[in-house]
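Engineer: missing the sequence, but the structure's below:
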């Protein structure tokens, strides 16, 4: 997957000659971004893939702007469509004052009607938008649809109030949605929005608008000079070039036909880092890999009986399994130390909330054996597999196909656990079937990963009630962590919030509901001709209208 034949000793003149022969040289007023897959829609309602979300967010700004604060590890809030906002004394409502110069790309003005209409659509079960089910802080109907009459009050074209239920804890960051044009979609049947022509030829309000889309080839966005975000000197054109093959994307990056690529393989890090015209950046801390252990006996749980999993129900067993796995070897050998060992699901990027007093469990096979023996697991018949009564300690580790890191890790995990008397069979599954099995809790052990949301969200992953903790695939249950997660949704100070999250990490570390492996890197490489590009955990393209091209 790497292009080792392109030696770094080639004269720089050679690279200049290649660039002069490329299409890129005649288009120095644009930035070309290499992506692996085409989009299916530009409609922010249905932008489910990473590429779709990235582009839709450029086309459809929201009420507010968010920027990553590296010192605190949080998002700061700034004006966007709203010029200012005012909370009521008891925080039961908020007033937004809108800009009066925001226009859709067809010339129509964006008003408070568009704002309310957007919330209506995003929360409508008939629409099934990507944000469906995320509006708990608003007044809701029985089906989860925002109660528009109770929630919104339009005072004028450019002013509206949003009201919140009693005892709610509204969060500005979680409140904002991309705004879509009412005059385009209001007469479209809601179950037909996804196929409406404006989902493919969007009327937008961002700093860029769609210029051209050649399916499976390129998506071209051009600066919209009528946009309120337009800045003199901004890049006239951004091109998303669809190149499914990673090696081809990498070659075009080196030649200068592509200016920016995310998700560079770690093996290419050092080679790219010494190319003079490229900047290489590693963003670690947004995704982690882990081994999931089902904490309960699922078959008994379906009968209403609470019973620990016979293999993984004890936290000491889970700690033993973690201690038996040489995670550092995987980090060093496969990730070339470009990632970080993980101890909890709270990333170091959240600096104010991260508990830096917790250290990842060390690789210690002898400690693993001691913990297993203390729990009654012994190799009585000397066949190399621990047993407890009539139960042998063996299981199948499932993981999805298509991830070389997990292929590598699965071998290490299998061998490490065999060394302490645990027999592992590995089984790869198609992604769809794997995800279905996780939700239906049909597997007891699996190798997977989670992306960390910004702002930090813990409840869906670790809360014991499956209706709330719908991503709690391991069925982890601890009343103490449930209490903390509930308190985090109440009106508390930031300092108290950080204190609670640190306490949560301590409990999770002691319980070890899963084996936290490592924070995987997202390596981003871009051409140094792009100036004012700020790469943060929040994203790469979020403020690309502020980019400039060197003269």
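Structural biologist: It's in. Note that the structure is a prediction, hence the values are computed from the model and not measured.

Engineer: isn't there a strand covering residue 465?
Structural biologist: No - applying DSSP: H, G, I helix; E, B strand; the rest coil, one finds residue 465 to be coil, outside a strand.

Engineer: Which residues are in contact with residue 539?
Structural biologist: residue 54 (C-beta atoms under 8 Å, 6 or more residues apart in numbering). C-beta coordinates here come from the backbone N, C-alpha and C atoms, glycine included.

Engineer: center of this structure - which residue?
Structural biologist: For the chain, the residue nearest the mean C-alpha position is residue 451 (4.1 Å; C-alpha atoms, centre = their mean).

Engineer: List the residues that contact the residue nearest to residue 226 when sequence neighbours are not counted.
Structural biologist: Excluding its sequence neighbours, the residue lying closest to residue 226 (C-beta to C-beta, 6 or more residues apart in numbering) is residue 103, at 5.5 Å. Counting by C-beta under 8 Å, 6+ apart, residue 103 touches 109, 110, 205, 226, 227, 228.

Engineer: who's in contact with the residue nearest to the centre of the chain?
Structural biologist: 286, 287.

Engineer: Kindly report the same for residue 77.
Structural biologist: 64, 65, 66, 172, 173.

Engineer: again, but for residue 301
Structural biologist: With C-beta under 8 Å, 6+ apart, residue 301 has these contacts: 307, 475.

Engineer: go again using 6 Å as the cut-off
Structural biologist: By C-beta atoms under 6 Å, 6 or more residues apart in numbering, no residues touch residue 301.

Engineer: Just the buried positions in the longest helix that the chain contains, please.
Structural biologist: Longest helix in the chain by number of residues (criterion: DSSP state H): helix 494-511. Across helix 494-511, burial judged by 16 or more other C-beta atoms under 10 Å covers 497, 498, 500, 501, 502, 504, 505, 508, 509, 511.

Engineer: and the gap between the closest residue to the fourth one other than its chain neighbours and residue 401?
Structural biologist: Pointing back at residue 501 there. Using C-beta to C-beta, 6+ apart and skipping the chain neighbours, the partner closest in space to residue 501 is residue 353 (4.2 Å). Distance, residue 353 to residue 401, using C-beta to C-beta, to the nearest Å: 35 Å.

Engineer: Name the next helix or strand following the longest helix of the chain along the chain.
Structural biologist: With elements assigned by DSSP states H and E, the helix or strand that comes after helix 494-511 is strand 514-527.

Engineer: Now whichever helix or strand comes after that next one: average pLDDT?
Structural biologist: Of the helices and strands lying after strand 514-527 in sequence (DSSP H and E), the nearest is strand 530-531. In this model, strand 530-531 has a mean pLDDT of 96.

Engineer: Give me the contact list for strand 530-531.
Structural biologist: Residues external to strand 530-531 that are found in contact with it (C-beta under 6 Å, 6+ apart): 31, 547, 548, 550.

Engineer: Need those residues in JSON lines (columns: distance to residue 187 and pLDDT).
Structural biologist: Shown next, in JSON lines, are the contacts of strand 530-531 (distance: C-beta to C-beta, whole Å; pLDDT from 0 to 100):
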{"residue": "31", "distance to residue 187": "37", "pLDDT": "98"}
{"residue": "547", "distance to residue 187": "37", "pLDDT": "97"}
{"residue": "548", "distance to residue 187": "41", "pLDDT": "96"}
{"residue": "550", "distance to residue 187": "47", "pLDDT": "88"}
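
Engineer: Would you list the buried entries among those?
Structural biologist: 31, 547.

Engineer: Nearest to residue 86 among the contacts of strand 530-531?
Structural biologist: Using C-beta to C-beta, residue 547 is the member of the contacts of strand 530-531 that lies nearest residue 86, at 32.8 Å.

Engineer: so the closest one touches residue 533, yeah?
Structural biologist: Yes - judged on C-beta atoms under 6 Å, residue 547 makes contact with residue 533 at a distance of 5.5 Å.

Engineer: dump the residue contacts of residue 100.
Structural biologist: Contacts of residue 100 by C-beta under 6 Å, 6+ apart are residue 158.

Engineer: do you know how far residue 546 is from residue 233?
Structural biologist: 10 Å.

Engineer: More neighbours: these two, which one.
Structural biologist: Taking other C-beta atoms under 10 Å, residue 546 and residue 233 do not tie; residue 546 has more neighbours (16 against 10).

Engineer: And for that one, nearest residue in space, chain neighbours not counted?
Structural biologist: Distances taken as C-beta to C-beta, 6+ apart put residue 532 closest to residue 546, at 5.5 Å, once the chain neighbours are dropped.

Engineer: what does residue 481 give?
Structural biologist: residue 507 (5.4 Å).

Engineer: returning to what we had before: quick check: bridge partners of the residue nearest to the centre of the chain?
Structural biologist: residue 287 (DSSP bridges).

Engineer: Then residue 548?
Structural biologist: residue 531.

Engineer: got a list of what residue 50 touches?
Structural biologist: Under the contact definition (C-beta under 6 Å, 6+ apart), no residues are listed for residue 50.

Engineer: Let's have the buried residues of helix 494-511 in CSV, adding pLDDT and distance to residue 60.
Structural biologist: Converted to CSV, the buried residues of helix 494-511 look like this (pLDDT from 0 to 100; distance: C-beta to C-beta, whole Å):
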residue, pLDDT, distance to residue 60
497, 96, 30
498, 96, 32
500, 98, 34
501, 98, 31
502, 98, 36
504, 98, 34
505, 98, 36
508, 98, 36
509, 98, 40
511, 98, 41
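
Engineer: With respect to residue 35, which of those residues is nearest?
Structural biologist: Looking across the buried residues of helix 494-511 and measuring by C-beta to C-beta, the closest to residue 35 is residue 501, at 34.1 Å.

Engineer: What distance do you get for residue 349 to residue 535?
Structural biologist: Remark: distance between residue 349 and residue 535 (C-beta to C-beta) = 13 Å.

Engineer: between these two, who's got more neighbours?
Structural biologist: Taking other C-beta under 10 Å, residue 349 and residue 535 do not tie; residue 349 has more neighbours (22 against 18).

Engineer: so that one makes contact with residue 74?
Structural biologist: No - at 9.5 Å, residue 349 does not count as touching residue 74 under the criterion of C-beta under 6 Å.

Engineer: Which neighbours do these two have in common?
Structural biologist: Common neighbours of residue 349 and residue 74 (C-beta under 6 Å, 6+ apart) do not exist.

Engineer: Thanks a lot, catch you later.
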